[in-house]
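In: Provided below for reference: sequence and predicted model.
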Amino acid sequence: MKPRHFLELAEFETAALRDMLDQATAFKGGAANPPAAAGKTLALLFERPSTRTRVSFEVAMRQLGGHCIVLSDRDMQLGRGETVADTARVLSRYVDAIMLRTDRVRKLEELAEHATVPVINGLTEASHPCQLMADIMTFEEHRGPIGGQVIAWCGDGNNVARTWVQAAVRFGFTLRLACPDACTIPGYLLDWARREGGDVSVTSDPRQAVAGARCVVTDCWVSMADDPKRDCRPLASFQVNAALMALAAEDAVFMHCLPAHRGEEVSAEVLDGPRSLVFEEAGNRLWAQKAILAWALG
């Protein structure tokens, strides 16, 4: 039987993603754990630093009755020249699922190609699907079904922004992206969204993107795969602050996957203000990933 990989939202039908979100909501409400993961082991592979991804996956797996092994690039032969394919073949003989957080999507794809157990995308430079499952869950908890709503992204066209594009197509909402020309969304992804019938647009004017939106989203300007000395001046006018939020819908919420840099991509008054759902969003990583694990191991 082919392993149930969770790599990209675009690879799933909407109904399958909805089933996972329903399960996440049920888990959060106290639903009993299914027996699928009991006694099983999840390998967490980290080539990039992590707080929320590591803790939420560990807790989720333990709640499901399973166990975790955490490995960084300093712990694995993968960091010393062993191929991804060989790592996949070996780990598949020890564990029941693998989560990889890496800065190269090709490593994730190769791991999934050669693993005989489920592989989960914990983050690559190209996408962050576990985060978006938590984001959709959070929005719907506070503002109802996301289908037909307007979501605005302001800032770098990074991995999280790109996954919002996939989510817009699969969950049927309007996505307006405001990005500088120097760091916008790749054309191939926008072409895919249009072919799939998605309502996705890109502008260089954050005010235009945010006007009337029910949710405003951003992320840090320097992602883990970026040069830490990256020139962020083109992003300065894309900061989400009180003036920008005032253009959104009256009941609009603010979201950010964290970690945040107050005074850069978002002002402190927005991040810590009454419209902010960032900590609810972070908390829902646990329930969304628990549902993903239950699906992958089911």
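Out: Cool, got the structure.
In: for this protein, which residue is closest to the average position?
Out: The centroid of the chain falls nearest to residue 131 when counting by C-alpha atoms, centre = their mean (2.5 Å).
In: Chain neighbours aside, what residue packs nearest to that one?
Out: Spatial nearest neighbour of residue 131, excluding adjacent residues (C-beta to C-beta, 6 or more residues apart in numbering): residue 257 at 5.0 Å. (Each C-beta comes from the backbone N, C-alpha and C, glycine too.)
In: How about the contacts made by that neighbour?
Out: 128, 131, 135, 160, 219, 281-282 (C-beta atoms under 8 Å, 6 or more residues apart in numbering).
In: Just give me the closest of these to residue 253.
Out: Nearest to residue 253, judged by C-beta to C-beta, of those is residue 281 at 9.6 Å.
In: before we move on, the earlier item: for the contacts of residue 257, give me CSV that also has distance to residue 292 and secondary structure.
Out: Shown next, in CSV, are the contacts of residue 257 (distance: C-beta to C-beta, whole Å; DSSP: H, G, I helix; E, B strand; the rest coil):
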residue, distance to residue 292, secondary structure
128, 13, coil
131, 11, helix
135, 14, helix
160, 17, helix
219, 21, coil
281, 16, helix
282, 16, helix
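In: What's the PyMOL syntax to select whichever of those are buried?
Out: Burial among those is assessed by 16 or more other C-beta atoms under 10 Å; the matching PyMOL selection reads:
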select buried, resi 128+131+135+160+219+281+282
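In: Turn the contacts of residue 257 into TSV, including distance to residue 297.
Out: Shown next, in TSV, are these (distance: C-beta to C-beta, whole Å):
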residue	distance to residue 297
128	21
131	21
135	23
160	26
219	30
281	25
282	24
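In: Do you know the pLDDT at residue 228?
Out: pLDDT for residue 228: 60.
In: Do a quick rundown of the helices in the protein.
Out: 14-28, 52-63, 84-91, 105-114, 129-143, 159-171, 187-195, 206-210, 242-245, 268-271, 278-297 (DSSP state H).
In: is it true that residue 264 touches residue 219?
Out: No. Judged on C-beta atoms under 8 Å, residue 264 makes no contact with residue 219 at a distance of 10.6 Å.
In: ok, back up a step: next one: the residue nearest to residue 131, what pLDDT does it get?
Out: For residue 257, the predicted pLDDT is 97.
In: Show me what the nearest residue to residue 7 once chain neighbours are set aside is bridged to.
Out: Distances taken as C-beta to C-beta, 6+ apart put residue 121 closest to residue 7, at 4.9 Å, once the chain neighbours are dropped. Per DSSP bridges, the residues bridged to residue 121 are residue 100.
In: any idea how far the closest residue in space to residue 298 that isn't next to it in sequence lies from residue 193?
Out: Spatial nearest neighbour of residue 298, excluding adjacent residues (C-beta to C-beta, 6+ apart): residue 36 at 4.4 Å. From residue 36 over to residue 193 the distance is 33 Å, taken as C-beta to C-beta, to the nearest Å.
In: just for the stretch 151-298 of the chain, where's the confidence low?
Out: 223-230 (pLDDT under 70).
In: mind checking pLDDT for residue 7?
Out: 98.
In: Around it, count how many other residues there are.
Out: 20 (other C-beta atoms under 10 Å).
In: Kindly report the same for the one 5 residues further on.
Out: Using other C-beta under 10 Å, residue 12 is surrounded by 17 other residues.
In: how about it, what does it touch?
Out: residue 170.
In: Over to the one 4 residues further on?
Out: If you count contacts by C-beta under 8 Å, 6+ apart, residue 16 has them with residue 295.
In: And it, how far from residue 241?
Out: 38 Å.
In: same question, residue 134
Out: Counting by C-beta to C-beta, the gap from residue 134 to residue 241 is 24 Å.
In: out of those two, which sits in the more crowded spot?
Out: More crowded of residue 134 and residue 241, by other C-beta under 10 Å: residue 134, with 27 against 15.
In: My read is that the residue nearest to residue 298 contacts residue 294, right?
Out: Yes. Using C-beta under 8 Å, residue 36 is in contact with residue 294, at 5.8 Å.
In: Next, show the common contact partners of the two.
Out: Counting by C-beta under 8 Å, 6+ apart, the residues touching both residue 36 and residue 294 are residue 64.
In: When the two are compared, which one has more neighbours?
Out: The neighbour count for residue 36 versus residue 294, taken as other C-beta under 10 Å, is higher for residue 294 (21 against 16).
In: isn't that one right up against residue 63?
Out: No. Using C-beta under 8 Å, residue 294 is not in contact with residue 63, being 10.1 Å away.
In: So for the two, which residues contact both of them?
Out: Joint contacts of residue 294 and residue 63 (C-beta under 8 Å, 6+ apart) are 27, 33.
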